[in-house]
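Undergrad: Coordinates only, no sequence provided:
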């Protein structure tokens, strides 16, 4: 259910984007396909669904697995590359090095979003993000070329405004 919700957010971001991305869902077995059909209007989405694994759909030299555990940060988005976001269904369990391990086993590049650069300011507790935050960050960066702005827009809630002082409330009445 959480994955379906994240996919809806991703698709919504993509539809509203000035530069929509080609979205492919790979390793879609019968169970995954049934779950996708539960999304209202999914049959009308402009999304490619494949039963095959991502390494069997795209050339390996174009693949970039996104992993919070990757040693190297993603510094730029290349239009010819295919960015792989692994979907872990259980949102309460984060398996360390899972996507990094998959990338290494498949012999493909692996990179992480450059959150570390902004983590102290942003006070992020983890580099593992929901799929929709990863996608929103990528789309925003691709459109504006600014990672900090991308993370502020996609990942971080807007800054809280201080509550007005009681004196200020009285003066406005």
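TA: Perfect, thanks for sending it. Every value quoted in this text rests on a predicted model; they were computed, and no experiment measured them.

Undergrad: buried residues in the host helix or strand of residue 105?
TA: Using DSSP states H and E, residue 105 falls within helix 98-106. For helix 98-106, the neighbour count (16 or more other CB atoms under 10 Å) marks 98-100, 102-103, 106 as buried. (Each C-beta comes from the backbone N, C-alpha and C, glycine too.)

Undergrad: how about the strands in the chain?
TA: Along the chain, counting by DSSP state E, strands occupy 23-25, 47-49, 63-66, 82-85, 109-111.

Undergrad: most neighbours per residue, which of those strands?
TA: Across those, averaging neighbours per residue (mean count of other CB atoms under 10 Å) puts strand 63-66 on top, at a mean of 21.

Undergrad: mind checking how far it is from the chain centre?
TA: Counting by CA atoms, centre = their mean, to the nearest Å, strand 63-66 is centred 12 Å from the centre of its parent chain.

Undergrad: partners of it in the sheet?
TA: Strand 63-66 pairs in its sheet with strand 82-85 (parallel), strand 109-111 (parallel), by DSSP bridges.

Undergrad: Just put the ones you listed in CSV and tack on mean pLDDT.
TA: Below are the strands paired with strand 63-66 laid out as CSV (pLDDT from 0 to 100):
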stretch, mean pLDDT
strand 82-85, 93
strand 109-111, 93
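
Undergrad: closest to residue 74 out of the ones you listed?
TA: Closest of those to residue 74 is strand 109-111, at 4.1 Å (criterion: CB to CB).

Undergrad: possible to save the buried residues of helix 98-106 as JSON lines with pLDDT?
TA: Formatted as JSON lines, the buried residues of helix 98-106 follow (pLDDT from 0 to 100):
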{"residue": "98", "pLDDT": "73"}
{"residue": "99", "pLDDT": "75"}
{"residue": "100", "pLDDT": "77"}
{"residue": "102", "pLDDT": "81"}
{"residue": "103", "pLDDT": "80"}
{"residue": "106", "pLDDT": "86"}
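
Undergrad: Thanks a lot, see you next time.
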